[in-house]
Every structure is written in C-alpha cells, then in structure tokens.
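A.B. asks: quick one, structure for this:
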Amino acid sequence: MRRRVISPAGERCANLCGIAGFTHKNWAPDPERIERATATLAHRGPDQSGVFRSSVVSMGATRLKIIDLEGGDQPIVTDDGDTAIVFNGEVYNHLEVRGELEKLGHRFHSHSDTETVLHAFVEWDTKCFSRLRGMFAIALWSKSSRRLVLARDRMGIKPLYVARRGEDLFFGSELKTIFIHPEFERRLSLAGLDAYLSLNYVPCPWTLVEGIEKLPPGQWLEWLDGKVRVESYWNLPAGAIRERSLGSACEELDSLLQQSVREHLLSDVPLGLWLSGGIDSSTVLHYAATASSRPIKTLSVSFLGRSFDETAYVRSAAKHYGTDHQEFDLNPGADLRGAIEEFAYYSDEPSSDAGALPVWFLSKMSRTEVTVALSGEGADELFGGYLTYRANQLARPMRRLPKWWVRAGLGLARLWPVSDDKISHEYMAKRFLEGSLMSPEQAHVYWNGTFSRAEVRSLSSLPLPNSLDHVLGELRNSPARHDGVSPYLWWDQKYFLPDDILNKVDRMSMAHSLEVRPPFLDHRIVEFAATLPPSLKVQGSRQKIVLKQLMGSRLPEMILRRKKVGFDIPAHEWLRGPLRDLLLDAMQEGLAENKTLFRPGMIQELVRLHLERRVNIGYHLWGLLLLFRWMKKWRIQAEPSPAPASWIQEKTGIST
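C.D. replies: Next up, the predicted model:
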C-alpha cells in the first residue's frame, strides 16, 4: 500500500527557496532554535515559512511561491508521519516523474514538485535523485529508520552547507543557518583563505569557516543514527569524445535547448529573462520567445557611455524578438557603497567576483517586474567562451622560449602606462606574460585576476596550507582528454562555475527574493557538451563554435561577431574614484582587527600602488575589501587553530 502524502494542513504545497535543519541525537535544543535558523533565510522565501520537529531532527524551510500558488505549507509529511521533506529549488520534469509514480499507485494532493520528490523518495529511495532534472537542495527525514538524507543538484546551482558536531549533523542553504548555533566557533579556515586568495572564491567542499563545508554537487549525504556517508548519484562527465560533424552537433544542441528552455519557462508567477546582449543570453531568449505565446520581459544592466557598455547589443536582441524590455544604468551615482555593505550579510561567504555588484542591481530591478528570471550562465564553461581558454593555447609556445626572453618582454610591458579600463590591453598583456612563466594550471586561475602564490605567501602573517595545489591537482589529473581544452572546461565546470558564478547569482538574486534559472545547465546539455571534440568549441581565435554556428542565422549579426565582455564593474577605476573611501576604511579597519592574519605593510603598499596608478589590482583589493567586511559582520575569529581534515573529502575518497 502506498503512503498518501499531505502537508501538515492537508493542503497543496508550493516551492521553497531555503532550507535549514539539524539532528539532536543526544541533546535537546530549545524549541525556538529551528525557527531562528529558518528565519535567517526569510529573504530567500518571504511568502511562507514552516518547521518540522521530532525527538531526533528539526527542519525548516522558507517559501517563494513559483508553482501551485494555492498550495499549503512545508515541510510536507506522509500521512503515517514517517517521512518528511524540506525542499529548495525547482524540478522541471516533476510531472513526468509524477506520471510514473501514479502508475505505481501513488496519489497526489497538490501540483507541487516538492510532493513529487517526496513520493519519489518513498518509492525509489536515493535512486530518485538521478531521475530529477532541475536545481535543488533537499532534506528528507525517515522516522522509522532514524535516517536523514540530504541531496544537491548535479551542477551545484542551489547551495547546501553541512557541518558535524559529534554524532550530529547541521545543514542549511546558507552559512548563517549554522551560525545561529552557539556550539560552533566562527573561526576562519586557513585552507579556505588560501583558496580564496588564490582563486577569488572558495572551492567545494571548503568554506571560509572551519568545520562547515559544502555538499558537493551531484552527491547525497546520509545521516543514519549518528553515522554519516556521502555518495555520488551523478558525476561531471569527462567521457570519450564523439567525432561528429558540425551540422549534426548543431541539430542535437538545437533539440536539447528547445527542451530545456521550454521546461525552464514553467511558472505560475511573472517570468523574465536577463539579457546581456551576448550570445548566451540571446540564445536563451531565442528559444524562450519561440516557445512563448506572449512577449518575453527582458531585463538588463547598462554602463552608458563606457567602452564596455553592452546596451547596443541588448537593444538589438530585444528589438529582434519584440521583448518588453527594462534597463538599469549602473554608474557611480547609484548607491554603490550601500549595496556593498549589504554584501557582508547576503553574500553569506565573500567572493572576489566584482560581477556581484551589477548582479545585485539587476536582481533588485528585476524583482519589481518578475519573480523568476532565466539567464545564460554555463555556456562559457560548456562551449569554451572565456579568453583564458585562448590564453592557455597561446601560452604553450611561449613556454618553449627561454624564460629570460619572456621576462624581458614583461619588463617592457610594465613600462606601458596603467589604464583605467576594466580589462585593458595593458592589463591583459602583463597578466598573460606573468602567467606564461607559471605552470599551465596556475596560469589558468591567475589569468582571472588572482594573487600569485608568491603574493599570497607575502600577504599572510601565518603559514597557509597550499589548498590551491590540491585543487589544481585535479586539473593536472583531470579525467577529461588532455587535448589542451577539455581539462580546463571540466575543471571550470567543477569549481569555477558552482563556487563563483552560480554562487554569486544565487546570493544576489535570492537577496531580493528572485529565482534565477540557467537553462544551459540542464544535465543533458552538460553531458552532450562533454562529448564534443574541442575543435567544435575552441579553434584558434574562434570560440563557442558550435553555439555560434547554431545561432548564425537566428541572431543579429552584431551579437554573433562581438567580443567577449565580462559582466562586472570597472574595479580598477572605481576603487580609485567612487569607492576609494570605502576601500581605505575597509583596509584600515580590517588590518587593525586582523594583525595576526595579514602583514599590514604589504597590503597598505598594494593599496598605495593601486591608488597612485602604478599597478592595476582592483580585483585583488575588491576581494580583500569584501573579506574584511564579511569577517566584521559575522565576528569571524582569525586566530589559528589546528585545521581539521575535510570529513566530506574523507567520505568521498577525494585526496587532499
């Protein structure tokens, strides 16, 4: 006999956008603790919140209504009281899964995907996760087996933090759900700090707080009466390349994009699309406009009057598809400082990605128009869109030259006057030559505007573990074919995409109660892209070849031929201008409070050199600024302590 599933109020259930919880096997929390943990996620789901309590586990969730608006509250519990779920995200094929479950005898009382996931778990246990297409973080509790199961989507679109204390497990969509527990010291992780300074973000499973980790994408975790195990239900593909013609690859990608975008349009609330004027977001717009019977609402951020402004391309695409278009011009007159000060709370964990600022203002504007927005994230990592992939190839012959020759060229490049442009020719030339003197793996991340290994060591007053080397070891030993392109794409999909790009979009959008969906990251498209030969992605100066060929007769010519422009701020210039006072205040205060962590003189010298236009290190200083503001906001202790091993890495067998 199948278990009938109902919500606590016997009503239909809607989607949720934040989860929190913890076990308490040998202790009794105060009754309000789960409410306090859940309340920290109110911005992720302002429409409703609910909690579930038992003698062993407490779980909570907040809801942003997207589908089944008349549905009831979460958590949902089976009518026998044995299984409960809290859920964050969207499952786009839930009607397909629901139909299969109905044939097996399941009966549903709502239209929500959350109820579908609960039924699927009851029927197939952890094997259910591989049947789901979408973005999600899930927690499921089974009373009879004293078993808690957590799961995260394949690409890490939705976050899920976990921590252990003795036999108990703590989890949540954001770090702050764990910060409310007084049992945890908020101590800075030196392993996380080394990675942050070296990569501009903290790669999974580390965080910047000792003892708190991220559950890796595509994995589930089981807590069984105090014992923990972690397993993968999906692995990032790096299989054999399938030789095929450009035409056949375009046909397959066309079919996959049609399916994915159509599924991502599922919504019972106003939906729009983030349009940058690049090929990625314009491609999503093409398929969305084709599938929709009404004009698509498009939203964008402009930098009017700047060399990197994309407004002409944005308006070209909007006009081509007849969209209902809205723009926000981001300039020094906007409340930049006010937004950055709020990052410390909403970013949850700092990121050096300066693109967070325009995404913040784009999310704020979007929420006045829509509740859901589609975006183009993921296409660069799948099909080879970043300039770093070209730099990797150009550097190969450079490394065969005598090092003195490259150093001489670098010496001449350093005579080039420093430019205020966001990414100038002067900046790229210097970074490229510096990276050419490094190993290919180190150069790949250095070209993203990070500190070098020597710089990281010179800044820190404490010996830092070489986290970067552990992570880059996976790039050196990537399971992808070592053809000069595939390993870098695989590694960026594993780390840069979830821990920088998707992290930034999730935090900035959810700060404004906006759900953002990336159709390119349907796992069928990810698996397809992994089988493409590199010649269909990057070839000389040509990039994203298959995508551009597919869209060649569909998009305006100016969009197809435009150069890649990063979606971030002119950090070098703004830190010398409208953000100068914020930079100086943050550095003075941060260095005074963290003397045991950093060498103040070294950082002060970097600030001086930047302000005097001797060097362009705006992205580096941006990262330090946000780090100091975050540590102050959450009272993060910087004193060293024995760094614990990553228990998630131990459970998954990842070598560190």
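
A.B. asks: mind listing what's buried along stretch 299-312?
C.D. replies: Under the neighbour-count criterion of 16 or more other Cβ atoms under 10 Å, stretch 299-312 has Leu299, Ser300, Val301, Ser302, Phe303, Arg306, Asp309, Glu310, Thr311 buried. Where you see a C-beta, it was placed from the backbone N, CA and C, and this is true even at glycine.

A.B. asks: C-alpha coordinates for stretch 159-175, PDB please?
C.D. replies: The C-alpha trace of stretch 159-175 is given here as PDB (Å, rounded to 0.1, in the frame of the first residue of the first chain):
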ATOM      1  CA  PRO A 159      23.700  25.700  -2.300                       C
ATOM      2  CA  LEU A 160      23.800  23.300   0.700                       C
ATOM      3  CA  TYR A 161      26.100  23.700   3.700                       C
ATOM      4  CA  VAL A 162      26.800  21.000   6.200                       C
ATOM      5  CA  ALA A 163      28.600  20.600   9.500                       C
ATOM      6  CA  ARG A 164      29.200  17.900  12.000                       C
ATOM      7  CA  ARG A 165      29.500  18.100  15.800                       C
ATOM      8  CA  GLY A 166      30.000  14.800  17.500                       C
ATOM      9  CA  GLU A 167      27.300  12.500  16.100                       C
ATOM     10  CA  ASP A 168      25.000  15.300  15.000                       C
ATOM     11  CA  LEU A 169      24.600  17.000  11.600                       C
ATOM     12  CA  PHE A 170      23.700  20.600  10.900                       C
ATOM     13  CA  PHE A 171      22.700  21.900   7.400                       C
ATOM     14  CA  GLY A 172      21.300  24.800   5.600                       C
ATOM     15  CA  SER A 173      21.000  26.800   2.300                       C
ATOM     16  CA  GLU A 174      23.300  29.500   3.700                       C
ATOM     17  CA  LEU A 175      26.100  29.600   6.300                       C
END
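
A.B. asks: I'd like the average pLDDT over it.
C.D. replies: Across stretch 159-175, pLDDT averages out at 96.

A.B. asks: centroid-nearest residue for the protein?
C.D. replies: Leu502 (2.0 Å; Cα atoms, centre = their mean).

A.B. asks: skipping adjacent residues, who's closest to it in space?
C.D. replies: Leaving out its chain neighbours, the residue that sits closest to Leu502 by Cβ to Cβ, 6 or more residues apart in numbering is Ile157, at 5.4 Å.

A.B. asks: what's the answer for Thr450, then?
C.D. replies: Per Cβ to Cβ, 6+ apart, closest to Thr450 is Asn200, 5.3 Å.

A.B. asks: might one say that that neighbour is in contact with Ala356?
C.D. replies: No: between Asn200 and Ala356 there is no contact under Cβ atoms under 8 Å: 11.1 Å.

A.B. asks: need the helices for the stretch 351-500 of the chain, in chain order.
C.D. replies: Shown for the stretch 351-500 of the chain, the helices assigned by DSSP state H, counting those that start in this stretch span residues 356-367, 379-383, 387-398, 403-413, 425-436, 440-446, 453-459, 467-476, 486-491.

A.B. asks: which one of these lies nearest to Ser260?
C.D. replies: helix 379-383 (11.7 Å; Cβ to Cβ).

A.B. asks: who does that closest one touch, helix- and strand-wise?
C.D. replies: Applying 3 or more Cβ pairs under 8 Å, 6 or more residues apart in numbering; DSSP states H and E, we find helix 379-383 packed against helix 279-291, helix 523-530, helix 545-551.

A.B. asks: residues contacting Val117?
C.D. replies: By Cβ atoms under 8 Å, 6 or more residues apart in numbering, Val117 lies in contact with Ile85, Phe87, Val91, His94, Cys128, Leu132, Phe136, Ile138.

A.B. asks: so how far is the strand or helix carrying it from its chain's centroid?
C.D. replies: Per DSSP states H and E: Val117 is located in helix 113-124. Using Cα atoms, centre = their mean, to the nearest Å, the mean C-alpha position of helix 113-124 is found 26 Å from that of the whole chain.

A.B. asks: beyond that helix, next helix or strand please.
C.D. replies: strand 134-142.

A.B. asks: figure out how far the helix or strand where Leu624 lies is from the centre of its chain.
C.D. replies: Assigned by DSSP H and E, Leu624 belongs to helix 618-634. Computed by Cα atoms, centre = their mean, the chain-centroid distance of helix 618-634 equals 18 Å.

A.B. asks: what's it packed up against?
C.D. replies: helix 190-199, helix 336-346, helix 571-574, helix 580-593, helix 600-611.

A.B. asks: might one say that Thr83 is in contact with Leu118?
C.D. replies: Yes: with contacts defined as Cβ under 8 Å, Thr83 counts as touching Leu118 at a distance of 6.7 Å.

A.B. asks: any common contacting residues for those two?
C.D. replies: Counting by Cβ under 8 Å, 6+ apart, the residues touching both Thr83 and Leu118 are Leu140.

A.B. asks: where does the prediction get shaky in the stretch 201-350 of the chain?
C.D. replies: Within the stretch 201-350 of the chain, no range satisfies pLDDT under 70.
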